[in-house]
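[1] the sequence isn't on hand, but the structure is:
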């Protein structure tokens with residue numbers, strides 16, 4: 001199937017749900033991203049800053065760029081002028097740098113707090129105590145150019161649907177707790193980014209609002 005057909009098939013499964021598609025474009029050349037764009041995709045997710053910074057000028061201005069890979073503070077400056085959402089916020093230090101660099105460009109960057117929900121130790125992310133410590137900090141409360149809009153997590157890479165569902169439910173629980181406690185009056189805090197090519201349908205069933213799909217659109221990476 002073509003890129004356009006794959007996107008149409010995924011959009012069909014998302015129809016009538018709260019979830020939107022983030023097309024994961026890492027390692028794929030700009031021509032293939034253009035195919036996805038023509039097929040209607042507007043949210044593109046990249047893992048590597050350098051790759052995103054190289055591709056961004058080559059695509060139309062209405063693409064919403066999402067940084068989905070781990071982000072080092074010294075790389076923030078390369079995407080601060082255009083990134084829409086950093087889905088991988090895992091420290092106060094990173095938020096401070098996002099705030100500083102966004103201020104230089106007189107804009108606001110959205111962020112999702114990344115939680116560690118998987119069994120695998122290689123996956124990164126916050127626990128609930130660490131997230132609450134960030135939200136309670138004076139530094140965070142002073143920020144003018146970062147807007148936290150939700151949470152993100154990566155489930156264990158496993159064929160065990162019960163396990164994967166439980167991890168998505170855990171992330172949903174974290175979202176609900178933070179929403180209730182810190183963002184009750186904030187309509188923009190509404191995103192739960194969970195689900196990838198192998199498990200996005202389970203994630204949607206558990207309340208995902210953003211699914212990050214690459215290989216199911218482009219085929220497996222070379």
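    Looks like it arrived, so ask away. What you see is a predicted model; the values in this text were computed from it and never measured.
[2] beta-bridge partners for the closest residue to residue 83 other than its chain neighbours, please?
    Counting by CB to CB, 6 or more residues apart in numbering, residue 65 is the residue found nearest to residue 83 once chain neighbours are left out, at 5.1 Å. Where you see a C-beta, it was placed from the backbone N, CA and C, and this is true even at glycine. Beta-bridge pairing of residue 65 under DSSP bridges involves residue 44.
[3] my read: residue 196 touches residue 212, true?
    Yes - in terms of CB atoms under 8 Å, residue 196 counts as a neighbour of residue 212; the distance is 5.3 Å.
[4] which neighbours do these two share?
    Residues touching both residue 196 and residue 212 (CB atoms under 8 Å, 6 or more residues apart in numbering): residue 24.
[5] ok, back up a step: so who does the residue nearest to residue 83 touch?
    Neighbouring residues of residue 65 by CB under 8 Å, 6+ apart: 44-46, 52, 56, 79, 82-85.
[6] need those in JSON lines with distance to residue 179 and neighbour count, can you?
    JSON lines is the format used below for those (distance: CB to CB, whole Å; neighbours: other CB atoms under 10 Å):
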{"residue": "44", "distance to residue 179": "26", "neighbour count": "24"}
{"residue": "45", "distance to residue 179": "23", "neighbour count": "24"}
{"residue": "46", "distance to residue 179": "27", "neighbour count": "25"}
{"residue": "52", "distance to residue 179": "29", "neighbour count": "24"}
{"residue": "56", "distance to residue 179": "31", "neighbour count": "19"}
{"residue": "79", "distance to residue 179": "27", "neighbour count": "22"}
{"residue": "82", "distance to residue 179": "28", "neighbour count": "17"}
{"residue": "83", "distance to residue 179": "24", "neighbour count": "26"}
{"residue": "84", "distance to residue 179": "21", "neighbour count": "17"}
{"residue": "85", "distance to residue 179": "17", "neighbour count": "25"}
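[7] so which of these are in strands?
    Among those, the members falling in strands are 44-46, 85 (criterion: DSSP state E).
[8] helices or strands up against the strand or helix carrying residue 50?
    Under the criterion of DSSP states H and E, residue 50 resides in helix 49-55. Counting contacts by 3 or more CB pairs under 8 Å, 6 or more residues apart in numbering; DSSP states H and E, helix 49-55 packs against strand 43-46, strand 64-67.
[9] ok now do the most centrally placed residue in the chain, which residues does it touch?
    Among the residues of the chain, residue 87 comes closest to the average C-alpha position under CA atoms, centre = their mean, at 3.5 Å. Applying CB under 8 Å, 6+ apart, one finds that residue 87 lies in contact with 45, 66-68, 111-112, 114, 152, 193, 210, 212.
[10] what's the helix or strand for it?
    Assessed by DSSP H and E, residue 87 sits inside strand 85-89.
[11] cool, and residue 12?
    helix 3-14.
[12] run through who's touching that helix.
    Identification of contacts with helix 3-14 by CB under 8 Å, 6+ apart yields 1, 20-21, 23, 32, 35-36, 38-41, 200-201, 204, 211, 213, 216-218.
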